[in-house]
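Q: Sequence plus the predicted model coming up.
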Amino acid sequence: MKMVCKLISAVLLSSVLSGSLFAAYSPISNSTWDSSSERLVELIDDIYGGWLGGVQDINSNTLYFNNATLYRIDDDQTGVTALAGMDTNGDQLWHDGSGDYDIHIKVAGNTQEFGYRIGGVYTKIEDNIGGKILPGSSVSKTLDLPDTAFEWILKSGGRTFSSDRSKNRSEYDYMLTWRVDYLDSDLSTWLYAWEDLPLCMSDVDYNDLVVEVAIAHAPLPSSFLMGLSVLVISALRRRSGRSTA
């Protein structure tokens, strides 16, 4: 199975480098291997109060909802984007902030772990996502993020996936990003959607872990603090009969 995986990865990587598979935006599949799981288009619809003017193509660069407008972030840029800002340099590296994380799980199925990594040093934000946290529950915590470049990390099934494509096998894009403009808020908000299968096994539906990060500046500017709230919606499905090799 590992040899087959390597061969498939080599073919897909060739497509990546030639530009036929990935341009500025990695494609999202509108189907899933498990028909009982929600597609990303349905998850986002639930989060943002329904589509404005009817269901839209999830691969569109701009998505309009009743409560917010989502702008897709370029997947190919390799600069560092500030969580507290509005300008983007891609979604692979981030910096800024400290604050409270509110983590909400929508659908629990598998055990995952979410965190960040700086210079090879990993810091866990939450583990056993889908294990100890039941649908609809939440946990609040405070996390300090140094003002230096970091990568978001997802751990699932004994594998580690990074927002930094150069750290992933075959440089595959496991995390997609949208900037979220809420109609009733001007806070900087980001939505991350993750795929948790290797390139050769991926169904490219990006509905395995969905994380929203919203930043609120502290009321006292002299404190230089930010409140950081994270909404994690996890659509994790059972993959019976599929190899994890």
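A: Structure received. Numbering: from 1, shown residues only.
Q: do you know how far Tyr174 is from Asp181?
A: Separation of Tyr174 from Asp181 (Cβ to Cβ, to the nearest Å) stands at 25 Å. To be clear about C-beta, it is placed using only N, CA and C from the backbone, and glycine gets the same treatment.
Q: Look at those two and report which has more neighbours.
A: Each of Tyr174 and Asp181 has its neighbours counted (other Cβ atoms under 10 Å); Tyr174 has more, 29 against 16.
Q: Which residue comes closest to the more buried one once chain neighbours are left out?
A: Phe161 (4.1 Å; Cβ to Cβ, 6 or more residues apart in numbering).
Q: Leu197 too?
A: In space, Leu197 is closest to Asp203, 6.7 Å off (Cβ to Cβ, 6+ apart).
Q: Quick one: residues contacting the residue nearest to Tyr174.
A: Listed by Cβ atoms under 8 Å, 6 or more residues apart in numbering, the contact partners of Phe161 are Ile153, Leu154, Lys155, Asn168, Tyr174, Met175, Trp194, Glu195, Asp196.
Q: For the protein, which segments are assigned as helices?
A: Counting by DSSP state H, the chain has helices at residues 2-18, 40-47.
Q: Pick out the shakiest of the ones you listed, pLDDT-wise.
A: If you rank the helices of the chain by mean pLDDT, helix 2-18 sits at the bottom with a mean of 42.
Q: surely the residue nearest to Leu197 meets Ile28?
A: No: contact status for Asp203 versus Ile28: not in contact, 10.4 Å apart, counting by Cβ atoms under 8 Å.
Q: follow-up on the earlier one: so how far is Tyr25 from the residue nearest to Leu197?
A: In terms of Cβ to Cβ, Asp203 sits 18 Å off from Tyr25.
Q: With Gly49 instead?
A: Gly49 is 24 Å from Tyr25, by Cβ to Cβ.
Q: Looking at the two, which is more packed in?
A: Remark: of Gly49 and Tyr25, Tyr25 carries more neighbours, 16 against 13, as counted by other Cβ under 10 Å.
Q: The spatially closest residue to Arg159 that is not a sequence neighbour: neighbour count?
A: Excluding the flanking residues, the one nearest Arg159 by Cβ to Cβ, 6+ apart is Pro198, at 6.9 Å. By the measure other Cβ under 10 Å, the count of residues near Pro198 is 21.
Q: same check, this time on Glu113
A: If you count neighbours by other Cβ under 10 Å, Glu113 ends up with 19.
Q: That one contacts Trp152, correct?
A: No: contact criterion Cβ under 8 Å: Glu113 and Trp152 do not qualify, at 11.7 Å.
Q: so what sits against both of those two?
A: Counting by Cβ under 8 Å, 6+ apart, nothing touches both Glu113 and Trp152.
Q: ok, which stretches of this protein are strands?
A: 62-64, 68-72, 80-82, 93-95, 98-104, 112-118, 121-129, 138-144, 151-156, 159-162, 175-182, 188-194, 209-217, 226-233 (DSSP state E).
Q: average model confidence for the fifth one?
A: Strand 98-104 shows a mean pLDDT of 54.
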